[in-house]
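Chemist: Okay, sequence plus prediction incoming.
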Amino acid sequence: MAVLDKGLKQRIVGALVLVALAVIFLPMLFSREDELRQVSVDAPAMPERPVMPQIELEPVSVPEPVAEDEVPPVEPVPQTPAEALADVAPPAAVAQPAQPQAVVPQKVEEKAASGLDANNLPVSWSVQLASLSSRAGAEKLQQTLRSKGYNAYIRSFDGMNRVFVGPVIERAEADRLRDQLNRQQKLNGFVVRFQPENG
């Protein structure tokens, strides 16, 4: 009797599976709507490229350097012919030292306007992360940062090994880099001017 019950159970389960398959697949076989159905997508047109504002650059006039020999001497108004001959040489001597003093501030202003420092290098910024007495500890931190994709370098000063990341040209970019290192690496740094290595 137990054998008949087991066989009966298998037949009932098989019949249920066949009925389920018939319920799923028979409507698909008798309806051809899937072949006639077309999908149309009403996608919006590609937006136009935004118009970039035009930036007007103002021309900057840079004075040409003048050789000391080409500087015309400043002549005072002579009272008498004898005084006029005596006064010609001293104003020329006075005018020559004044010329280099006027040129030096112009060079400083030109470098500041062009973004160059005193060494004619671009002004750039780095993030100082640590100042360690152990060179091995500084190198380990440097390797960790480099493995994370940061441009890390070490500068030694007064027996301390300072670990930096950078340099970057924009100060705002250095601030973002400092914040990113604080969030991702849990390192509190501060932004400093990049100093090229001497030698």
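Modeler: Structure's in. What do you need? These figures come from a predicted structure and were not determined experimentally.
Chemist: Helix or strand, whichever it is, which one in the chain has the lowest mean pLDDT?
Modeler: For the chain, using mean pLDDT, DSSP states H and E, the weakest element among its helices and strands is helix 89-114, scoring a mean of 44.
Chemist: what pLDDT, on average, does the helix or strand immediately after that one in the chain get?
Modeler: Sequence order places strand 125-132 as the next helix or strand after helix 89-114, per DSSP states H and E. Mean per-residue pLDDT for strand 125-132: 90.
Chemist: C-terminal to strand 125-132, which secondary structure element comes first?
Modeler: helix 135-147.
Chemist: is it fair to say Ala174 lies in a helix?
Modeler: Yes. Ala174: assigned to a helix according to DSSP: H, G, I helix; E, B strand; the rest coil.
Chemist: what residues are up against the closest residue to it other than its chain neighbours?
Modeler: In space, and not counting its chain neighbours, Ala174 is closest to Trp125: 3.7 Å by CB to CB, 6 or more residues apart in numbering. Bear in mind the C-beta positions are built from the backbone N, C-alpha and C, glycine included. By CB atoms under 8 Å, 6 or more residues apart in numbering, the contact set of Trp125 is 166-171, 173-174, 191-194.
Chemist: what do you get if the cut-off is 7 Å, keeping everything else the same?
Modeler: 166-168, 171, 174, 191, 193-194 (CB atoms under 7 Å, 6 or more residues apart in numbering).
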